[in-house]
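# next comes the sequence, and after it the predicted model I'd like to discuss.
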Amino acid sequence: MFNFKIIKRDKKTKARLGLLKTPHGVIYTPNLAIVGTKGAIRGISFEKAKKFGAEIFMINTFHFFHNERYKIVEKFGGLHKFLNIDYPLMTDSGGFQVFSLGFGMEHGVGKIANIFPSENKENLRNGSKNLVKIYDEGVKFISPYDGKKLFLTPELSIKIQKILGADIIFSFDECTSALSGYDYTKLALKRTHSWAVRCLKAFGNNKKQIMFGIVQGGEYEDLRKESAKFINSLPFFGFGIGGSLGKSKKDIIKVLNWTLPYLDENKPRHLLGIGEVDDILNSVELGIDLFDCVIPTRWARHGTVFTFKGRLNLKSSRYLKDRKPIDVNCHCEVCKKYTRAYICHLFREKEIYAVILMVEHNIFWILNLFKEIRKAIKMNKFLEFKRKIMNKINK
RNA sequence: CCAGGGGUGGCAGAGUGGUCAAUUGCACCUGGCUGUAAACCAGGCGCCCUUCGUGGCUGCGCAGGUUCGAAUCCUGCCCCCUGGA
């Protein structure tokens, strides 16, 4: 029912073209899972995203756990039936919320900390709160939605993910913060490893789903290598590379260089949560097959769109007179039909349609990027393609 | 005409002798966002200064006045709202 095959390897880089078969369809890699955390993509239908080339979608266990909504989903027979779609799905384990509601919130940082002594910290979300307590047994959460006390364990995450019934599920991990030091990251890594073993045990002999084990280790070379070796030694179908990816974009590359050589190259590698254009290109070059990212939809909601000349902040009033489409080189319906001026106007007037148009464009645009990445690998021209795009988007 | 209420920065609306260049919201400007606490968050928002400061100037309807000091008190004027003849 499940199969992953590498169809083509780029001659000059480690980029590869793959084919991942699932009971709900085929995914050509490299590819991007479109994020629909709570069972919907914010601003666009699954069908439309599928039409644009999306081949797999990512939904989150935590968001169906905190309100016990997974019990409703169970009555419907799983997410595919509940959402009434028959596309390949993946579920995150809830491990990211260990970070985002925990140290992420406390430290006021994201997956890539972006903190340097020289940079101001004004733009960081205010920290200090921490709704998470982590134990070897599992994680205590205070729900950010209603304050309810929750306890999520590896076994419960897998149990819920089985009920949700996505094709691909992830092991329950602890995503660490770039501001946690070496000793803590090491401790967390040990815990994530033992959770990985427990997840596999809870997963059992499951023929309907496959599980990806998550590599952690923060920005530390020895921990990343140790983690890659350990997760690779377990019978996971594929890998997720997660956690803090350091303090800058360059650190992502470092982490991947430490990690990927220790992972079975015949298994799929999913880089969790990454999705800015340059990061995608750098990661594909090093052998990443799958991504998922909230950026296409979140940026759209916040007024930012992708273009081949870099991101465009369409909320600025300077676009009110701009008759060009969002991206003159984009072939999406939004770019064929609407001007920046119109979309800018709608956004500034808080018309929801502005977000819908921007989401449509961003999803189309990023999926198109992946199509072109695949094409480039096929033609052994990935490096040229990457350089071309990088030159354009870097101002 | 009489009685009462009121005129504050683009708008709404606090403040009623010093801590006020003036709370707050909206609007506006600039950033940020990477396994979705996020249609969100942070900062800025009178003018001037190649010195960005316990800096200078102007400022709460208009004109005067009291006071060491006025958006705040007094006098006159203008305008708006409500009720009455």
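Ah, there it is.
# in the stretch 151-300 of chain A, what residue spans correspond to helices?
Taking DSSP state H, counting those that start in this stretch to define them, one finds helices in the stretch 151-300 of chain A at A:154-164, A:182-203, A:221-232, A:249-259, A:277-286, A:295-301.
# show me what the longest one is in contact with.
Spelled out, it's helix A:182-203. A:93, A:134, A:136, A:153-155, A:157-159, A:162, A:169, A:171-174, A:176, A:180, A:209, A:211, A:213-214, A:216-218, A:220, A:223, A:226-227, A:230-231, A:234-236, A:244 (CB atoms under 8 Å, 6 or more residues apart in numbering). Where you see a C-beta, it was placed from the backbone N, CA and C, and this is true even at glycine.
# and those residues near RNA strand B, which?
A:93, A:173, A:214 (CB under 7 Å from any atom of the strand).
# a markdown table for these, including neighbour count?
Formatted as a markdown table, these follow (neighbours: other CB atoms under 10 Å):
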| residue | neighbour count |
| --- | --- |
| A:S93 | 30 |
| A:D173 | 33 |
| A:I214 | 30 |
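# now the phi/psi pair for the residue of the stretch 201-350 of chain A found nearest RNA strand B, please.
Distances between the stretch 201-350 of chain A and RNA strand B by CB to the nearest atom of the strand are smallest at A:G273, namely 2.2 Å. The phi/psi pair for A:G273 (degrees, to the nearest 10) reads phi 80, psi 0.
# how many neighbours does it have?
25 (other CB atoms under 10 Å).
# helix or strand for the closest residue to it other than its chain neighbours, which one?
Nearest non-adjacent residue to A:G273, counting by CB to CB, 6 or more residues apart in numbering: A:K111, 5.5 Å away. Assigned by DSSP states H and E, A:K111 belongs to no helix or strand.
# from memory A:E285 sits against A:R16, does it?
No - contact criterion CB atoms under 8 Å: A:E285 and A:R16 do not qualify, at 10.4 Å.
# and the stretch 51-200 of chain A, which residues reach RNA strand B?
Counting by CB under 7 Å from any atom of the strand, the stretch 51-200 of chain A sits next to RNA strand B at A:58, A:60, A:62, A:92-93, A:95-97, A:99-101, A:105, A:110-112, A:114, A:122-123, A:125-126, A:129, A:144, A:170, A:173, A:175.
# among the ones next to RNA strand B among the contacts of helix A:182-203, which are in strands?
Judged by DSSP state E, those include A:I214 as members of strands.
# thinking again about what came up before, could the helices of the stretch 151-300 of chain A be laid out in JSON lines, adding mean neighbour count, mean pLDDT and distance to A:K48?
Shown next, in JSON lines, are these (neighbours: other CB atoms under 10 Å; pLDDT from 0 to 100; distance: least, CB to CB, whole Å):
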{"stretch": "helix A:154-164", "mean neighbour count": "23", "mean pLDDT": "98", "distance to A:K48": "23"}
{"stretch": "helix A:182-203", "mean neighbour count": "19", "mean pLDDT": "97", "distance to A:K48": "33"}
{"stretch": "helix A:221-232", "mean neighbour count": "20", "mean pLDDT": "98", "distance to A:K48": "35"}
{"stretch": "helix A:249-259", "mean neighbour count": "19", "mean pLDDT": "96", "distance to A:K48": "30"}
{"stretch": "helix A:277-286", "mean neighbour count": "21", "mean pLDDT": "98", "distance to A:K48": "21"}
{"stretch": "helix A:295-301", "mean neighbour count": "22", "mean pLDDT": "98", "distance to A:K48": "13"}
